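> I'd like to go over a predicted model; first the sequence, then the structure.
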Amino acid sequence: MRADSYKIAVIGGDKRQAYLARIFAKKGYEVSVYGLCERLHDERIREAASLKEALQEVGAAVGPVPFIRSGKITGTYEVLDMNIETLFGKLPENVYFFAGNIPGEVRRYAQEKGIRAYDVMQDELVAARNAVAAAEGMVAEAITRSPVNLTKSRCLVLGYGRCGSVLTRLLKALLCRVLVSEKDKTRAADAYVLADGIVPETELTDAAGDVDFIFNTVPERILSEERLRHVGKNTWILDIASAPGGVDYRAAEDLSVNVVLLPGLPGRYAPASSAEILADFIENQIRLR
């Protein structure tokens, strides 16, 4: 099947979706869009008036990353028919559907409708490439928000997974003193080679009180009220953990701790690169490359 005979719908999301639609259009796909964060003004792309219209006779549909936030399809503005029931009710049977961080029950619901649903963030290569954009975004946010230089600052990285490991490398390149807290022994051993120290959980409270920046990538409430009481007044906590985040935000507000939850950093700081990553994965799955 040729690209110019294949129809793809791109819906919702952030700037990644806008770039993704343009990428597919440039490659020759027939592209329809709905509920994007901006008008595209591209004669190659059909901007549908409804979700039903956008999904007519498509071979694949692409939702946002993450697919759902606060129980709704992610987007920068709401449209009345942008909901899961309408989406999966209007998609043709056997169609490909792609999105990120799809809840298990939603994925099962799609499969019951005869839809081949793929969670792009479960692919190791996509997640690894996406981690670069997320780590760069955290660095950009740290530089923007703090009154002190990030270069040669004291940093604490919570979690040494995909993003935490990339972030540690970036911070070391900026001559930062980087401590890492990681429960997994294998990951902690990997971090030991690059970081300036590994912080066991028993010493995390003390470590949090002696750094300029705390970067959290751990998807659990790791920064409790007790730990937040030790954080310095000029310290910034940057949290990219999945909602509700890794910080006791109510306690942080009461204690006047500098903290920010940063979802969707790749879509804000590197939407074009992130869209290329998604396009590569999607084309591999529908075998049109």
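Looks like it came in fine.
> Doesn't I277 lie inside a helix?
Yes. Assignment of I277 by DSSP: H, G, I helix; E, B strand; the rest coil places it within a helix.
> so where do the strands sit in the stretch 1-150 of the chain?
7-11, 30-34, 45-47, 60-62, 68-69, 72-73, 96-99, 116-119 (DSSP state E, counting those that start in this stretch).
> need the ones you listed in JSON lines with distance to A275, can you?
Using the backbone N, CA and C atoms, a C-beta is placed for each residue, glycine as well. Formatted as JSON lines, the strands of the stretch 1-150 of the chain follow (distance: least, CB to CB, whole Å):
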{"stretch": "strand 7-11", "distance to A275": "10"}
{"stretch": "strand 30-34", "distance to A275": "13"}
{"stretch": "strand 45-47", "distance to A275": "14"}
{"stretch": "strand 60-62", "distance to A275": "10"}
{"stretch": "strand 68-69", "distance to A275": "19"}
{"stretch": "strand 72-73", "distance to A275": "18"}
{"stretch": "strand 96-99", "distance to A275": "12"}
{"stretch": "strand 116-119", "distance to A275": "16"}
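> Using a markdown table, lay out those together with mean pLDDT.
Below are these laid out as a markdown table (pLDDT from 0 to 100):
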| stretch | mean pLDDT |
| --- | --- |
| strand 7-11 | 96 |
| strand 30-34 | 96 |
| strand 45-47 | 95 |
| strand 60-62 | 97 |
| strand 68-69 | 86 |
| strand 72-73 | 87 |
| strand 96-99 | 96 |
| strand 116-119 | 94 |
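> Nearest to V211 among those would be which one?
Proximity to V211 (CB to CB) singles out strand 68-69 among those, at 29.9 Å.
> Give the partner strands of that closest one in its sheet and their orientations.
Here strand 68-69 is paired, per DSSP bridges, with strand 72-73 (antiparallel).
> Please tell me how far the strand it pairs with is from the chain's geometric centre.
Between the centre of strand 72-73 and the centre of its chain there are 15 Å (CA atoms, centre = their mean, to the nearest Å).
> Can you tell me what sits against that strand?
I11, G12, G35, G63, P64, F67, E78, M82, N83, I84, L87 (CB atoms under 8 Å, 6 or more residues apart in numbering).
> Buried by neighbour count, from the residues you listed: which ones?
Using 16 or more other CB atoms under 10 Å as the burial test, these include I11, G12, G35, G63, P64, F67, M82, I84, L87 as buried.
> Pick out the lowest-pLDDT one from these.
Here the lowest pLDDT out of these sits on M82, with 87.
> Report whether the expected contact of that one with G35 is present.
Yes. Counting by CB atoms under 8 Å, M82 touches G35, with 4.8 Å between them.
> Which neighbours do these two have in common?
I11, G12, L51, I73, G75.
> Could you measure from the fourth one over to L175?
Pointing back at I73 there. Separation of I73 from L175 (CB to CB, to the nearest Å) stands at 42 Å.
> tell me the contacts of F24?
F24 neighbours (CB under 8 Å, 6+ apart): I8, V10, V31, A279.
> where does it land on pLDDT?
Reported pLDDT for F24: 96.
> Show me which residues of stretch 270-288 are buried.
Result for stretch 270-288 [16+ other CB under 10 Å]: buried residues 270-271, 273-283, 286, 288.
> Show me which of I73 and L175 is the more surrounded one.
The neighbour comparison of I73 against L175 (other CB atoms under 10 Å) goes to I73, with 23 against 12.
> how about the shared contacts of M82 and G35 in JSON lines, adding distance to R44?
Listed next are these as JSON lines, based on distance: CB to CB, whole Å:
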{"residue": "I11", "distance to R44": "17"}
{"residue": "G12", "distance to R44": "20"}
{"residue": "L51", "distance to R44": "21"}
{"residue": "I73", "distance to R44": "24"}
{"residue": "G75", "distance to R44": "22"}
